[in-house]
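**Q** sequence and predicted structure, then a few things I'm wondering about:
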Amino acid sequence: MVTGASGGLGVDLARGLAARGYGLVLTARGASALEAVAADIRRDFKVEVAIEALDLSVSGSAALLRDRLDQRGIDLGIVVNNAGFGISGAFVDNDTDRLGEMLQLNIVSLTELSHIYGRRMAARGAGRILLVGSMASYQPDPLLAAYGASKAYVLWLGEALNVELGPKVTVTVLSPGLMDTGFNAASGYETPEGLRAMILPPAKVAEIGLRALFAGKPSVIAGRLNRLMAFSSWLMPRHLSARTTFRLGATQAGAHG
């Protein structure tokens, strides 16, 4: 199963699994967009693809998705928790309802799906879970504060579960950097000029993540420059890292304001 499979990285993760011969369950909010993705995958890879249109930013949606799949007799050997979105700008100016939806999607639904299917995989003695994190998890992120914190949660959860559930059940965290997807438009984030050379195609990021998943790695950062940035952030005091990130973001916002 791939969540957030109607666009962006989710499509390429689904296609990467289909290319390996796996039948799929695709879930996202929009049924028509999901069906278009499913039709392309069926045509290109000749695998079975089911869709479940559901908004995982709503409380209780993970249990509802479980129930729907159980009613269809679908069990899952691989779960890709890809669905997520970000909110940018000053934390105190973030819309309260939108903030709650983001945390529900990025943290709560992801945790609930990992718990539901992680428990089943552990009982069966086999399974794989891929959690899509972010480079934002490796340092404090002023002007993306709650989003970065939500992805830090994903990173630490996944690496802990890799130890708890392994080696028969593996949990891998994929941390993409900047990609050419709809994230910026949805979040209101503007990529700083100096970071645009680091943008990676989603298909390349998806392949990096899937290779790490099947290798049983606890986590992987997509892109050599991103790995270098993450390593550099560990060497810098967090407060200094946060101030540097803030200045970069504020300068970019001013340039486009």
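**A** Here it is on my side, so go on. Residues are numbered from 1 along each chain as shown.

**Q** OK, contacts around residue 150?
**A** By C-beta atoms under 8 Å, 6 or more residues apart in numbering, the residues touching residue 150 are 84, 102, 103, 106, 107. C-betas here are computed from N, CA, C, even on glycine.

**Q** surely residue 130 forms part of a helix?
**A** No - looking at residue 130 with DSSP: H, G, I helix; E, B strand; the rest coil, it is strand, so not inside a helix.

**Q** which residues touch it?
**A** Per C-beta under 8 Å, 6+ apart, neighbours of residue 130: 13, 78-82, 171-174, 209-210, 213.

**Q** for it, name its beta-bridge partners.
**A** On the basis of DSSP bridges, residue 130 is bridged to residue 80, residue 172.

**Q** and the next element down the chain from the worst-scoring helix or strand of the chain on mean pLDDT?
**A** In the chain, the helix or strand scored least confidently by mean pLDDT, DSSP states H and E is helix 183-187, which has a mean of 48. Sequence-wise, the next helix or strand downstream of helix 183-187 (DSSP states H and E) is helix 202-215.

**Q** what's that next one packed up against?
**A** helix 8-19, strand 127-132, strand 169-175, strand 219-221 (3 or more C-beta pairs under 8 Å, 6 or more residues apart in numbering; DSSP states H and E).

**Q** next, the buried residues of the first one.
**A** When neighbours are counted by 16 or more other C-beta atoms under 10 Å, the buried residues of helix 8-19 are found to be 8, 9, 10, 11, 12, 13, 14, 15, 16, 17, 18.

**Q** and that helix with strand 169-175, angle?
**A** If you take axes from the mean of the first three to the mean of the last three C-alpha atoms, to 10 degrees, helix 8-19 sits at 140 degrees to strand 169-175.

**Q** any idea which helix or strand comes after helix 8-19?
**A** strand 24-28.

**Q** and the contacts of that next one?
**A** Here strand 24-28 has contacts from 1-7, 10, 14, 17-18, 34, 37-38, 41, 47-54, 56, 65, 69, 74, 76, 83, using C-beta under 8 Å, 6+ apart.

**Q** just these: which are in helices?
**A** Among the contacts of strand 24-28, the members falling in helices (DSSP state H) are 10, 14, 17, 18, 34, 37, 38, 41, 65, 69.

**Q** ok, of these, which one's closest to residue 152?
**A** Among these, residue 10 lies closest to residue 152 (C-beta to C-beta), at 21.3 Å.

**Q** which residue, other than its chain neighbours, is closest to the closest one?
**A** With sequence-adjacent residues excluded and distances taken as C-beta to C-beta, 6 or more residues apart in numbering, residue 10 is closest to residue 4, at 4.2 Å.

**Q** just for this protein, where's the confidence low?
**A** 180-198, 234-239, 241-257 (pLDDT under 70).

**Q** name the element residue 158 belongs to?
**A** Counting by DSSP H and E, residue 158 is part of helix 145-165.
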